[in-house]
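*Asks:* Below: sequence and its predicted model.
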Amino acid sequence: MKNDKFTEYIECELALGREGGWEKEIKAKEALAWAIHTEFPPTGSLLLAHLLLQQKTSYLKQEIKAKAFAKPLSDEAFEAVQRIEQKDGWDYYWLGLSHLYGRGVAKDYLKAAEAFTASHNAGNLYAEFEIIWARHLAGGSRLEALLGFIRLKGKLADFAALSARALALVETGPVRVPGSPCHIARILLLHGALHDFIYHDLGSRHINIAIEKELREGAEQLLQLNTPRAYLALYLTERTSRANPTGQKPIVWFEKAIDPTLGELEVLCRTRELSYDELRIIVKRAGLEGWSSSSLASIAASALESPDD
């Protein structure tokens with residue numbers, strides 16, 4: 001019964017990651033957390049505390065202050081789970097998350113990895129993914145984490161694949177020639193990694209920091225150039241980053257990038273990477289500057305006329 005309930009909760013969490021959801025799905029997950037807290041203390045209490053601290057609010061019991069309620073609950077539940085003599089896979093799993101996030105105990109990635117390993121050895125099918133991230137966050141090599149995610153099968157294989165792809169991308173490092181076609185391609189790949197949901201909050205943060213650093217340094221190099229391709233790379237950088245590395249809106253760089261000879265801009269039009277307004281700007285510019293018969297203008301006009309699938 002306990003295994004069924006905890007499994008249902010994790011599957012709820014994974015479904016939100018894969019498919020999204022809003023009020024109905026989020027409230028259903030929290031309702032399950034409250035039920036598990038009541039039925040299976042103290043481990044269920046750790047689960048509920050973790051959720052409330054993560055959400056920073058309760059969607060079902062808005063009268064409570066989430067942090068004030070969850071912090072002491074987390075502290076008490078952690079100590080109680082520690083005292084369980086015969087721990088099962090879920091006991092170890094939530095102890096691992098407590099060490100990972102510093103909830104009820106000081107943050108310690110190595111102890112988190114040890115707890116997740118014990119959980120995995122006890123038969124928890126969701127723990128191996130966490131082992132890989134915990135070891136990596138503890139200072140383990142990116143290569144080891146990458147290979148671990150590539151080889152992971154089962155319940156979290158899809159999230160492991162996203163994690164592996166993001167780690168591999170970060171590992172290859174910045175391109176050698178700023179403002180080159182390869183640079184544009186890399187920014188598009190970084191966009192995917194930055195906005196992919198890879199399930200693990202700390203893992204996502206770790207990757208996002210590395211990507212934002214690269215985007216910021218790349219923007220500094222691009223600003224020294226004066227070519228349509230460099231401006232296109234700056235447009236993509238600003239559109240990708242959440243930190244506004246150039247201090248300009250993406251449209252500023254987009255307008256500077258418009259050039260009828262720029263093949264990469266044609267590709268973005270053809271693959272529906274540009275918005276309706278951006279396509280309209282290209283077509284208008286082509287009319288004003290007399291290159292409406294160019295390949296770029298034709299592709300942009302065609303994209304405007306064809307509704308998205």
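*Replies:* Noted; the coordinates are in hand.
*Asks:* Local confidence estimate at D309?
*Replies:* According to the prediction, D309 has pLDDT 49.
*Asks:* what's the closest non-adjacent residue to the residue positioned nearest the centre of the chain?
*Replies:* In the chain, the C-alpha nearest the mean C-alpha coordinate belongs to F197, at 3.7 Å (C-alpha atoms, centre = their mean). Spatial nearest neighbour of F197, chain neighbours left out: G17 (5.1 Å); criterion: C-beta to C-beta, 6 or more residues apart in numbering. Every residue, glycine included, has its C-beta placed from N, CA and C.
*Asks:* circling back to that earlier point, what's near enough to touch the residue nearest to the centre of the chain?
*Replies:* G17, L162, S204 (C-beta atoms under 8 Å, 6 or more residues apart in numbering).
*Asks:* can you put the residues you listed in CSV and add distance to L156?
*Replies:* Output for those, formatted as CSV (distance: C-beta to C-beta, whole Å):
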residue, distance to L156
G17, 10
L162, 10
S204, 14
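*Asks:* May I ask which of the residues you listed has the most neighbours?
*Replies:* Scoring these on neighbours with other C-beta atoms under 10 Å, the highest-scoring entry is L162 at 22 neighbours.
*Asks:* returning to that earlier point: tell me how far the residue nearest to the centre of the chain lies from A301.
*Replies:* As for F197, its distance to A301 is 35 Å (criterion: C-beta to C-beta, to the nearest Å).
*Asks:* Also T240?
*Replies:* Separation of T240 from A301 (C-beta to C-beta): 26 Å.
*Asks:* Equivalent analysis for V105, please.
*Replies:* For V105 relative to A301 (C-beta to C-beta), the value is 61 Å.
*Asks:* With only the CA atoms kept, save the helix or strand where E264 lies in PDB.
*Replies:* Under the criterion of DSSP states H and E, E264 resides in helix 263-270. Coordinates of the C-alpha atoms in helix 263-270 are reproduced here as PDB (Å, rounded to 0.1, in the frame of the first residue of the first chain):
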ATOM      1  CA  GLY A 263      21.100  31.900 -45.500                       C
ATOM      2  CA  GLU A 264      20.700  31.200 -41.800                       C
ATOM      3  CA  LEU A 265      17.800  33.700 -41.700                       C
ATOM      4  CA  GLU A 266      16.100  31.800 -44.600                       C
ATOM      5  CA  VAL A 267      16.400  28.600 -42.500                       C
ATOM      6  CA  LEU A 268      14.700  30.300 -39.500                       C
ATOM      7  CA  CYS A 269      11.900  31.400 -41.700                       C
ATOM      8  CA  ARG A 270      11.500  28.000 -43.300                       C
END
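*Asks:* helices or strands up against it?
*Replies:* Contact here means 3 or more C-beta pairs under 8 Å, 6 or more residues apart in numbering; DSSP states H and E; on that basis helix 263-270 packs against helix 228-240, helix 276-289, helix 295-305.
*Asks:* ok, Q248 - contacts?
*Replies:* For Q248, the contacting residues are L234, E238, by C-beta under 8 Å, 6+ apart.
*Asks:* please redo it, this time with the cut-off set to 7 Å
*Replies:* Contacts for Q248 (C-beta atoms under 7 Å, 6 or more residues apart in numbering) come out as E238.
*Asks:* Equivalent analysis for I282, please.
*Replies:* Contact analysis of I282 by C-beta under 7 Å, 6+ apart lists I258, L296, A297, A300.
*Asks:* who has more neighbours, T240 and A301?
*Replies:* Set side by side, T240 and A301 show more neighbours around T240, with 21 against 18, by other C-beta under 10 Å.
*Asks:* rewinding a little: pipe the helices and strands packed on helix 263-270 into a markdown table and attach distance to H37 and mean pLDDT per row.
*Replies:* A markdown table is the format used below for those (distance: least, C-beta to C-beta, whole Å; pLDDT from 0 to 100):
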| stretch | distance to H37 | mean pLDDT |
| --- | --- | --- |
| helix 228-240 | 40 | 97 |
| helix 276-289 | 48 | 97 |
| helix 295-305 | 52 | 95 |
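*Asks:* Go through those helices and pick out the most buried.
*Replies:* Among these, judged by mean count of other C-beta atoms under 10 Å, the one packed with the most neighbours on average is helix 228-240 (a mean of 23).
*Asks:* That helix packs against which elements?
*Replies:* In terms of contact count using 3 or more C-beta pairs under 7 Å, 6 or more residues apart in numbering; DSSP states H and E, helix 228-240 is assigned the packing partners helix 181-195, helix 201-222, helix 250-257, helix 263-270.
*Asks:* mind checking how far it is from the chain centre?
*Replies:* 22 Å (C-alpha atoms, centre = their mean, to the nearest Å).
*Asks:* quick one: it to helix 181-195, angle?
*Replies:* Using axes from the mean of the first three to the mean of the last three C-alpha atoms, to 10 degrees, the direction of helix 228-240 lies 0 degrees away from that of helix 181-195.
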